[in-house]
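> got a predicted structure plus its sequence, pasted below:
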Amino acid sequence: IAARDGAAVRWFHAANSRARAAEAARSDVHMVEADVLLRGGDREPILAHPPDTDSDITLQEWLAQMVCTDKGIKLDFKRYLNKRIVVLLAFLPV
């Protein structure tokens, strides 16, 4: 981005499935956004936007994919999550 112009940052929104995450990883965007919520039964963090309540990709799988790219990430937490998630995010490589 020329001259550190924030308006020039390109985003990929709602990368909430395996297909959308792969598309985002291949794209020429700078930032990838996804929505995090807890799956009903097992309370595992997944990528989905309400009213959806399930997904084909977990937060852990999504992060493993994104950390291998040159993209920045933004996670939109849709519901309260437990401390395990906060710890997971705190130890991601920078």
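Great, that's in hand. Treat the numbers as computed from the prediction; the structure is a model and nothing was measured.
> low pLDDT regions in the chain?
1, 41, 79-94 (pLDDT under 70).
> would you mind measuring from the residue nearest the centre of it to Ala64?
Nearest residue to the geometric centre of the chain (CA atoms, centre = their mean): Ala34, 3.8 Å. Applying CB to CB, to the nearest Å, the value for Ala34 to Ala64 is 13 Å. Every C-beta, even on glycine, is put in place using the N, C-alpha and C of the backbone.
> with Ala22 instead?
13 Å.
> okay, now Ala15: neighbour count?
28 (other CB atoms under 10 Å).
> Ser17 now?
Neighbourhood size, Ser17 [other CB under 10 Å]: 17.
> one more: the one 10 residues further on?
Using other CB under 10 Å as the criterion, Ser27 is surrounded by 15 other residues.
> so it makes contact with Ala15?
No - the criterion here is CB atoms under 8 Å, and Ser27 misses it with Ala15 at 9.5 Å.
> still on that earlier bit, compare Ala22 and Ala64 (neighbour count), which wins?
More neighbours surround Ala22 than the other of Ala22 and Ala64, with 13 against 10 (other CB under 10 Å).
> just say helix, strand or coil for the more buried one.
What DSSP: H, G, I helix; E, B strand; the rest coil gives for Ala22 is helix.
> and the helix or strand harbouring Ala34, C-alpha only, in CSV?
Following DSSP states H and E, one finds Ala34 within strand 31-38. Listed next in CSV are the C-alpha coordinates belonging to strand 31-38 (Å, rounded to 0.1, in the frame of the first residue of the first chain):
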residue,chain,number,x,y,z
MET,A,31,-7.2,-8.5,5.4
VAL,A,32,-9.6,-11.5,6.0
GLU,A,33,-12.6,-11.2,8.3
ALA,A,34,-14.6,-14.0,9.8
ASP,A,35,-17.3,-14.5,12.4
VAL,A,36,-16.8,-16.7,15.4
LEU,A,37,-19.5,-18.3,17.5
LEU,A,38,-19.8,-21.4,19.6
